[in-house]
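J.: pasting the structure only:
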């Protein structure tokens, strides 16, 4: 098992700013912003960093682990689909 699994904030290269925002966000919003049923444990980027999102309090929401996994899966699928469409468009143009 890799060491970073114990420190996911470090593994993703999130710094002190992320940790400060996460602490404030989870203290003020203890429930998941998506399902509202489970305690929030993750400060999630509403707009992912890979899609131009920033690590700011306005772009973050408190969510639980199951909702995080689901959201991450949907975002990954959307990214793959967009890349596939771009590739197909390029192939048609050549």
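T.: In hand now; what should we look at? Since this is a predicted model, take the numbers as computed values, not measurements. Residues are numbered from 1 along each chain as shown.

J.: Check the gap between the closest residue to residue 14 other than its chain neighbours and residue 22 for me.
T.: Nearest residue to residue 14, sequence neighbours excluded (Cβ to Cβ, 6 or more residues apart in numbering): residue 55, at 7.0 Å. C-beta here means a position set from N, CA and C on the backbone, and glycine is covered the same way. Taking Cβ to Cβ, to the nearest Å as the measure, residue 55 and residue 22 are separated by 10 Å.

J.: Between the two, which is the more surrounded one?
T.: Shown here are residue 55 and residue 22; by other Cβ atoms under 10 Å, residue 22 has more neighbours (21 against 15).

J.: Run through the neighbouring helices and strands of the helix or strand encompassing the more buried one.
T.: Using DSSP states H and E, residue 22 maps to helix 16-28. Under the contact criterion of 3 or more Cβ pairs under 8 Å, 6 or more residues apart in numbering; DSSP states H and E, helix 16-28 touches helix 8-11, strand 42-45, strand 60-63.
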